[in-house]
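S.K.: Sequence and predicted structure, then a few things I'm wondering about:
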Amino acid sequence: MAAGDMDPDLARRLFEEGATLVLLGVPEGTELGIDYKSWQVGPRFRGLKMIPPGLHFLHYSSRDRLLGGGGETGPRTGLFVSLQPRELLLAHWDDKEEDLDFSASRDEEQLGRVRAGLRDLDPFLGPYPYDVMRKWVSLTDRLTMEVAGALQPLNGRVCSFSEVEPELQLPHTKDRVEHKLPRNDTECQSMREGLERLPRMKQRAGTELRFSHIPKQTYPPGATPEQITQCSMDFSYALERLLESRYPQEALHVLGELQFAFVCFLIGNAYEGFEHWKKLLVLLCRSEAAMHTRRDLYLGLIAVLYHQLGEIPPDFFVDIVSQNNFLTSTLQDFFQFATGPGVDATLRKRAEKFKAHLTKKFRWDFEMELDDCAPVIVELPEGFVLD
């Protein structure tokens, strides 16, 4: 993690103004990273220095103890942190939890001792990977710590695998019998029976990502059949309800949520981030009326998508993103609405330029009908239920 080709003036400014993360006791072999880069921790590692002030995503995966601590690592855990100039953040590795404990950062005495010894600690601190800073900023320029803090789990950790626990705590045999759960492995006559009788699981409280609720009903109460039809094709009503309930003061923060979901998936490996990104993208791209009244929101959406689609690995489109033509059909609707009559001229021009960019880069044709020229059947993602 050498500073390498960093401009000397920039290196000096980061040395003087950059924040420092002192991470003590991280086991050798742990995969640890910040923002868009990660490394395997060596025996001399004690943290990171010269970190540009602002929002960052610290992530790590502990060695898999079941495999003897070899090359395999466990699920990824991450957290968003907002760092001030010259700030020092201190954490100790908790072997039992296999997690970083930041409680020491609230102990002024400990912080003072570490700060006084930073010069001796400096050789064991790796410099922030400045070569990915521009990429990171482009992926999070709409995301504030306030928004990230409201979206990340109450325990502050974004995990690639959800922590689950039984819906019913039944440690005693008599309790399991009452709920028709097997007392032992030999009571099940088939695998299917065994699976059916397994305890129902739920996500552990405090570990859930707290995304905005996307309204299940896309039309107003008491809507006429004509309104129901209109709101089933134009999701502006549902979008406005989301903005009113979650971002009444600043609608553009919904773009921060789109970036948060994308980072949780792309860097945090949390699949639910991708699922929410899809739902939010559909809501935004299929809200025709909103494009006439929320010009700045949609100019921002184009910029956000430009950087996000540039970071998705090419083979990923063949896999998840292109399933059921999700992305191409969603963007096709967006371009149709954004270049229609009555749309702001700047937005229309930006949308046309973005469409040309995607057509050239990914060879997507937004002019022809999908599915061999058949009419496009729009399948609403989970969360859009027409009552």
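M.R.: Received the coordinates, thanks. Numbers count the residues shown, from 1 in each chain.
S.K.: Neighbours of H92, how many?
M.R.: For H92, the neighbour count with other Cβ atoms under 10 Å is 16. Quick note: C-beta positions are derived from backbone N, CA and C, even for glycine.
S.K.: Apologies, that question was intended for L239.
M.R.: What L239 shows, counting by other Cβ under 10 Å, is a neighbour count of 24.
S.K.: Next SSE downstream of the helix or strand in which it is found?
M.R.: For L239, the host element (DSSP states H and E) is helix 236-246. The element immediately downstream of helix 236-246 (helix or strand, assigned by DSSP H and E) is helix 253-266.
S.K.: and the next helix or strand after that next one, what other elements does it pack with?
M.R.: Following helix 253-266 in sequence order, the next helix or strand is helix 271-285 (DSSP H and E). Judged by 3 or more Cβ pairs under 8 Å, 6 or more residues apart in numbering; DSSP states H and E, the packing partners of helix 271-285 are helix 236-246, helix 253-266, helix 295-311, helix 326-338.
S.K.: Nearest approach to D131 belongs to which of these?
M.R.: Of all the helices and strands packed on helix 271-285, helix 295-311 sits nearest to D131, with 14.7 Å by Cβ to Cβ.
S.K.: Quick check: buried residues in that closest one?
M.R.: Judged by neighbour count using 16 or more other Cβ atoms under 10 Å, the buried positions of helix 295-311 are 297-305, 307-309.
S.K.: Can you show me the strands along the stretch 1-150 of the chain?
M.R.: 19-24, 31-34, 37-40, 47-51, 54-61, 77-83, 88-94, 99-101, 125-127 (DSSP state E, counting those that start in this stretch).
S.K.: Need those strands in CSV (columns: distance to T346).
M.R.: As requested, the strands of the stretch 1-150 of the chain are exported to CSV (distance: least, Cβ to Cβ, whole Å):
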stretch, distance to T346
strand 19-24, 37
strand 31-34, 36
strand 37-40, 36
strand 47-51, 36
strand 54-61, 28
strand 77-83, 32
strand 88-94, 41
strand 99-101, 45
strand 125-127, 40
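S.K.: quick one: which of those is nearest T339?
M.R.: Using Cβ to Cβ, the strands of the stretch 1-150 of the chain put strand 54-61 closest to T339, at 33.4 Å.
S.K.: Taking strand 47-51 as reference, get the angle to the closest one.
M.R.: Interaxial angle of strand 54-61 relative to strand 47-51 (axes from the mean of the first three to the mean of the last three Cα atoms, to 10 degrees): 160 degrees.
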